[in-house]
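# turn this into a model:
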Amino acid sequence: MTFQQEFVLARVRQRGSKLWFAHLALFVGVFVLAFMSGHVYDDWINITAYSVVGLLLLVLWLIPTWRFATNFVDITTTRVVQRGGLFARTKREVANTAITSVDYSRGKGIVLSVADGEPLILSGLPKAKDLAEELRQTLAK
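The predicted structure follows:
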C-alpha cells in the first residue's frame with residue numbers, strides 16, 4: 001500500500017478590503033470611548049456607553065473579522081478544500097482528479113467544474129483571473 005504525501009500549495013483568503021466597514025466601526029468605537037475618557041460623566045452614562053460600544057464592536061467588528069479569518073481555500077497537491085462558517089466547520093473537498101475544468105467569470109469568480117457533482121465556486125478572491133490560470137496550469141499536469 002502506498003500513500004501519496006499531500007503538500008499545501010497555497011491558502012487563499014478573500015480580499016482584505018471586505019473588512020473596511022468592520023475597521024470603520026472599530027475606529028468609530030475607539031474614537032467614542034477616547035472622547036468620553038477626557039470628560040467626567042455620571043457612572044450610568046459611562047456604563048451605558050461602554051456597554052453599547054462593546055456590543056456594537058462585537059457585532060460589527062469582531063464577528064466579521066472572525067468570519068474573514070475562518071473563510072479560506074486550501075489548494076494542495078491532491079485536492080482543493082474550501083472552508084467557511086464562523087468556526088470553519090463548513091467544508092467542501094474536491095479531488096484534483098475530479099476537476100474537469102477551471103473557468104473564470106467576472107460576476108461569479110472561479111468556477112471549478114466537478115465531474116460527478118455540482119461545481120465549486122470560489123468568489124471574492126484577490127486576483128481571481130490569475131489564480132484561475134494558475135489552477136488551470138497546475139491541474140493540467
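# the longest helix along the chain: how far from the chain's middle?
As assigned by DSSP state H, the longest helix anywhere in the chain is helix 20-37. Centroid separation for helix 20-37 versus its chain: 23 Å, with C-alpha atoms, centre = their mean, to the nearest Å.
# quick one: the strands in the protein, in order.
With strands called from DSSP state E, the chain shows them at 8-13, 72-76, 79-84, 90-95, 99-105, 109-114, 120-122.
# in a markdown table, list the ones you listed along with distance to residue 19, mean pLDDT and mean neighbour count.
The way it works is simple: take the backbone N, C-alpha and C, and place the C-beta from them, glycine included. Listed next are the strands of the chain as a markdown table, based on distance: least, C-beta to C-beta, whole Å; pLDDT from 0 to 100; neighbours: other C-beta atoms under 10 Å:
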| stretch | distance to residue 19 | mean pLDDT | mean neighbour count |
| --- | --- | --- | --- |
| strand 8-13 | 11 | 89 | 14 |
| strand 72-76 | 14 | 91 | 18 |
| strand 79-84 | 16 | 91 | 18 |
| strand 90-95 | 20 | 89 | 13 |
| strand 99-105 | 24 | 91 | 15 |
| strand 109-114 | 18 | 91 | 19 |
| strand 120-122 | 19 | 91 | 18 |
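# quick one: which of those strands is nearest residue 136?
Proximity to residue 136 (C-beta to C-beta) singles out strand 99-105 among the strands of the chain, at 4.5 Å.
# other SSEs contacting that closest one?
Other helices and strands packing on strand 99-105, by 3 or more C-beta pairs under 8 Å, 6 or more residues apart in numbering; DSSP states H and E, are strand 109-114, helix 128-140.
# check contacts around residue 14.
Residue 14 makes contacts with 68, 71, 124-126, as judged by C-beta atoms under 8 Å, 6 or more residues apart in numbering.
# buried ones in the longest helix of the chain?
Neighbour counts over helix 20-37 (16 or more other C-beta atoms under 10 Å) mark 22, 25-26, 29 as buried.
# just for this structure, where's the confidence low?
1-3, 141 (pLDDT under 70).
# switch the cut-off to 90
1-10, 15-17, 36-41, 77-78, 84-91, 96-97, 105-108, 115-117, 123-128, 135-141 (pLDDT under 90).
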